[in-house]
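Q: Quick one, structure for this:
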Amino acid sequence: MSEATEKLAAAKSPVTGLTSGPIYTGTQSLPTRKIQLIGVPLDLGASRRGVDMGPSAVRVAGLEARLEALGHQLIDAGNIDVEIAETRHVGEEHARYLREITETCTRAASIVSGALEQGMTPLIIGGDHSVAAGSVSGVADFYHQQNQRIGLLWIDAHADMNTPETSPSGNVHGMPLAALLGLGPESLAGICGWSPKVLPENTVLIGVRDIDATEKENLKRAGLTEVYTMRDIDERGLRTVMEEALRAAGRGTAGYHVSLDMDWIDPEDAPGVGTPVRGGATYREAHLAMEIIADHGRMLSFELVEVNPVIDEHNRTADLAVELICSAFGKKIL
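A: Predicted structure coming up:
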């Protein structure tokens with residue numbers, strides 16, 4: 001038995017004591033990567049607590065062993081230090097904990113950029129989706145220094161296009177995409193000293209189905225045209241949507257960052273998420289999306305957020321998260 005397979009066999013679920021997922025070596029025909037795992041246990045951006053345990057849940061589900069079984073080398077950089085809500089004041093109600101979130105995202109950006117400088121592929125595990133303001137900034141800044149730009153695949157039930165002026169809740173996990181496109185909040189948008197981090201023509205939303213009325217106006221303000229709702233997927237099929245999305249994100253760019261919010265998937269398959277919304281992608285649609293991304297071979301970095309073990313069932317959402325990461329990094333059925 002290989003070392004990677006032994007690690008996989010040893011990965012136990014904390015609830016059932018059973019192996020987390022099937023023991024397999026996978027089929028990997030794409031080039032292998034040196035991956036740096038970066039945990040960002042941030043939950044200050046949301047009302048519901050618990051996603052700060054997401055990085056641990058994903059690790060426990062056997063992430064390292066499953067990626068190494070595909071031939072990748074994974075280096076776990078541990079978790080970024082994050083303030084906890086009980087020790088901080090919320091600050092402005094229209095952008096709760098914005099200062100602490102900005103500090104965390106700034107640290108994340110630096111670590112992500114450093115991983116790329118060392119020739120590694122950043123794999124970021126959140127935490128709530130506000131971490132994306134840091135991870136995408138880090139990737140964008142690395143390529144900006146080489147006079148290149150990046151594309152962004154935002155795979156999510158939500159648009160995350162609110163600003164402090166438009167947010168009905170003041171929760172910053174509903175604002176990171178607006179920040180990356182330069183709409184604000186200013187402190188998040190200005191990470192690394194420049195803005196916007198991505199251009200609207202290279203930014204693609206996939207599978208959105210829960211958009212605030214004010215966000216619709218922000219989408220127009222930002223000039224976003226590549227927005228695929230769940231209706232588009234229902235009517236046109238996921239493969240058509242993904243092929244168009246990857247063309248847009250890749251046009252004139254060094255490649256693209258993938259930001260996957262687990263609430264994109266239907267709660268039937270992913271119950272343990274920060275903000276569940278019925279009517280999401282199926283188990284197989286989620287895998288197909290990741291497999292198509294892997295086939296195109298232009299993924300620069302990958303991020304997965306909003307796994308909430310507090311409301312999960314036997315860690316099954318984290319198990320699925322690991323499966324989807326493996327598909328994005330080249331695992332095939334045959």
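Q: burial measure for Leu199, as a count.
A: Neighbour count for Leu199, taken as other C-beta atoms under 10 Å: 18. Where you see a C-beta, it was placed from the backbone N, CA and C, and this is true even at glycine.
Q: Just to check, it is in contact with Ile150?
A: No. With contact defined as C-beta atoms under 8 Å, Leu199 does not reach Ile150; the gap is 9.3 Å.
Q: residues in contact with the residue lying closest to Val310 once chain neighbours are set aside?
A: In space, and not counting its chain neighbours, Val310 is closest to Gly50: 3.4 Å by C-beta to C-beta, 6 or more residues apart in numbering. Contacts for Gly50 (C-beta atoms under 8 Å, 6 or more residues apart in numbering) come out as Asp43, Gly274, Asn308, Pro309, Val310, Ile311.
Q: ok, the last one touching Pro267?
A: No. Applying C-beta under 8 Å, one finds Ile311 not in contact with Pro267, separated by 9.8 Å.
Q: Look at those two and report which has more neighbours.
A: Just comparing Ile311 and Pro267: by other C-beta under 10 Å the higher neighbour count belongs to Pro267, 18 against 15.
Q: State the distance from the more buried one to Asp312.
A: Distance from Pro267 to Asp312, counting by C-beta to C-beta, to the nearest Å: 11 Å.
Q: Could you do Pro200 as well?
A: In terms of C-beta to C-beta, Pro200 sits 35 Å off from Asp312.
Q: Surely Ile233 and Val241 touch.
A: Yes. Between Ile233 and Val241 there is a contact at 5.5 Å, judged by C-beta under 8 Å.
Q: Mind listing the shared neighbours of these two?
A: Joint contacts of Ile233 and Val241 (C-beta under 8 Å, 6+ apart) are Ile206.
Q: Could I get the pLDDT score of Ile84?
A: Per-residue confidence at Ile84 stands at 86 (pLDDT).
Q: Now for Ile311 and Pro267: what residues contact both?
A: Val273.
Q: Which pLDDT value belongs to Ser2?
A: So, for Ser2, pLDDT stands at 49.
Q: What separation do you get for Met242 and Val204?
A: 9 Å.
Q: What of Val90?
A: 33 Å.
Q: So between these two, which is more surrounded?
A: Between Val90 and Val204, counted using other C-beta under 10 Å, Val204 has the larger neighbour count: 27 against 13.
Q: Quick check: that one is in a strand.
A: Yes. Counting by DSSP: H, G, I helix; E, B strand; the rest coil, Val204 is located in a strand.
Q: give me the number of residues near Asn30?
A: Actually, residue 30 is Leu rather than Asn. Neighbours of Leu30 (other C-beta under 10 Å): 15.
Q: One more: Ile333?
A: 8.
Q: And the pLDDT for it?
A: Note for Ile333: predicted pLDDT of 89.
Q: Pull the contacting residues for the nearest residue to Ile206 once chain neighbours are set aside.
A: Excluding the flanking residues, the one nearest Ile206 by C-beta to C-beta, 6+ apart is Ile155, at 4.7 Å. Counting by C-beta under 8 Å, 6+ apart, Ile155 touches Ile206, Gly207, Val258, Ser259, Leu260, Asp261, Trp264, Ala289.
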